[in-house]
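1. sequence first, predicted coordinates after that:
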Amino acid sequence: MEEGLNVGIDQFKKMSSKDRDAVMFTNMVHLRGKIKNDQLNKKIQYIWLFILTGVLGLKNMLGI
């Protein structure tokens, strides 16, 4: 198991409740980390889009 993420449904059903809880917790922590990284990427993309739009808008307004 790689961080508890590669568990088949049959293996999951055979686990004890404590092991299942641990796997679900690990998955939840892993997914939260991915969501936070995605939010950071979106912020960076929006800032880059704003800058690019401003530069290209100024370029068209000035006729360069």
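-> Okay, I see it. Residues are numbered from 1 along each chain as shown.
2. now S16: phi and psi?
-> The phi and psi values for S16, taken as degrees, to the nearest 10, are phi -70, psi 160.
3. could you do M15 as well?
-> phi -70, psi 160.
4. what's the neighbour count on it?
-> Around M15 there are 13 other residues, counting by other Cβ atoms under 10 Å. The way it works is simple: take the backbone N, C-alpha and C, and place the C-beta from them, glycine included.
5. now N60
-> 9.
6. and what about it, helix, strand or coil?
-> Assigned state for N60: helix (three-state reduction, DSSP: H, G, I helix; E, B strand; the rest coil).
7. that one: what's it in contact with?
-> Residues in contact with N60 (Cβ atoms under 8 Å, 6 or more residues apart in numbering): none are found.
8. tell me where the chain has helices.
-> Along the chain, the stretches classed as helices by DSSP state H are 9-14, 17-62.
9. tell me the mean pLDDT over the longest one?
-> So the one you mean is helix 17-62. Model confidence over helix 17-62 averages 85 on the pLDDT scale.
10. now the shortest one
-> The average of the pLDDT scores along helix 9-14 is 86.
11. now it: how far from the chain's centre is it?
-> The chain centroid and the centroid of helix 9-14 are separated by 26 Å under Cα atoms, centre = their mean, to the nearest Å.
12. what does stretch 45-56 give?
-> Relative to its chain's centre, stretch 45-56 lies at 22 Å (Cα atoms, centre = their mean).
13. got it, and stretch 35-48?
-> 9 Å.
14. can I get the CA coordinates of it in CSV?
-> The C-alpha atoms that make up stretch 35-48 are tabulated as CSV, following Å, rounded to 0.1, in the frame of the first residue of the first chain:
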residue,chain,number,x,y,z
ILE,A,35,-6.9,20.4,-3.1
LYS,A,36,-4.6,23.0,-1.4
ASN,A,37,-2.0,22.6,-4.1
ASP,A,38,-4.7,23.1,-6.7
GLN,A,39,-6.0,26.3,-5.0
LEU,A,40,-2.4,27.7,-5.0
ASN,A,41,-2.1,26.9,-8.7
LYS,A,42,-5.4,28.6,-9.5
LYS,A,43,-4.3,31.8,-7.6
ILE,A,44,-1.0,31.8,-9.6
GLN,A,45,-2.9,31.3,-12.8
TYR,A,46,-5.3,34.1,-12.1
ILE,A,47,-2.5,36.5,-11.3
TRP,A,48,-0.6,35.6,-14.5
